[in-house]
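Chemist: sequence first, then the predicted structure, then my questions.
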Amino acid sequence: QKEVEQNSGPLSVPEGAIASLNCTYSDRGSQSFFWYRQYSGKSPELIMSIYSNGDKEDGRFTAQLNKASQYVSLLIRDSQPSDSATYLCAVNLGGGADGLTFGKGTHLIIQP
Amino acid sequence: GAVVSQHPSRVICKSGTSVKIECRSLDFQATTMFWYRQFPKQSLMLMATSNEGSKATYEQGVEKDKFLINHASLTLSTLTVTSAHPEDSSFYICSAMTGGTYEQYFGPGTRLTVT
């Protein structure tokens, strides 16, 4: 059974601070990892993809992957109220044209 | 780029009827599209993988005769919910995969309510 685990939150972070979101996955063979943002009632929006160990930065977002620990994280710097949403961690087992296994998401609240 | 549309955005139907949902990739060709379902306060669950020109691959527990998928072109996949029942009420979301990166971009979703 492939599993992706996230703390459901809510995670409350003051505006301007760094928000840290974490995710673990069960299948050691997983190859591709994604972070999506989902606002209430809307569909997921891709934020970051990461495929190899280490950090990947894109603007205010940094994804971190540690395959040995089966752990992936997302850092949001200079958090804004508009960042308040549910963040979904998604894993692709094969690294190819496969469907994604999603975690249940972390509800992030940025306090003005 | 990587825009995916879905139609309709919202549909209400009576129990026993069928509903068709369209998913289109607007600015790229997608050899592979996916259909997910999301129940309230739950995460997305993969229903099936749709490949252009071939039969869809369904996840365990998803009835292929109930959820008919057709991927007739590189930009269009359709999901038909046949003989819908109230328990089929959910948020159905498609995604399309771009070549090379394996990133999936999601459509806006279709909220189905079966009365």
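Modeler: Good, I have the coordinates. Numbers count the residues shown, from 1 in each chain, chains lettered A, B, ... in the order given.
Chemist: tally of neighbours for the residue in chain A that chain B sits nearest to?
Modeler: In chain A, the residue that lies nearest chain B is residue A:99 (3.8 Å; C-beta to the nearest C-beta). All C-beta spots, glycine's among them, are computed from the backbone N, C-alpha and C. Neighbours of residue A:99 under the rule other C-beta atoms under 10 Å in any protein chain shown: 24.
Chemist: and if you look at residue B:94?
Modeler: 31.
Chemist: I'd say it and residue B:6 touch.
Modeler: Yes - assessed by C-beta atoms under 8 Å, residue B:94 is found in contact with residue B:6 at 5.9 Å.
Chemist: burial count for residue 72?
Modeler: All of this is about chain A. 27.
Chemist: could you do chain B instead?
Modeler: 10.
Chemist: next up, the contacts around it.
Modeler: Taking C-beta atoms under 8 Å, 6 or more residues apart in numbering or on different chains, we find residue B:72 in contact with B:52, B:78.
Chemist: what parts of chain B come near chain A?
Modeler: Residues of chain B lying near chain A by C-beta under 8 Å from any C-beta of the partner chain: B:31-32, B:34, B:36, B:42-46, B:49, B:51, B:59, B:93, B:95, B:97, B:101-109.
Chemist: could you name the helices and strands sitting against the helix or strand hosting residue B:77?
Modeler: Per DSSP states H and E, residue B:77 falls inside strand B:76-81. On a contact count with 3 or more C-beta pairs under 8 Å, 6 or more residues apart in numbering or on different chains; DSSP states H and E, strand B:76-81 meets strand B:19-25, strand B:32-38, strand B:67-73, strand B:90-97.
Chemist: who does the first one touch, helix- and strand-wise?
Modeler: Going back to what we said before, that points to strand B:19-25. Taking 3+ C-beta pairs under 8 Å, 6+ apart as the contact cut, strand B:19-25 packs with strand B:4-7, strand B:10-13, strand B:32-38, strand B:76-81, strand B:90-97, strand B:110-114.
Chemist: let's have the ones you listed in TSV, adding mean pLDDT and distance to residue A:28.
Modeler: Formatted as TSV, the helices and strands packed on strand B:19-25 follow (pLDDT from 0 to 100; distance: least, C-beta to C-beta, whole Å):
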stretch	mean pLDDT	distance to residue A:28
strand B:4-7	97	31
strand B:10-13	98	41
strand B:32-38	96	23
strand B:76-81	96	31
strand B:90-97	96	23
strand B:110-114	98	35
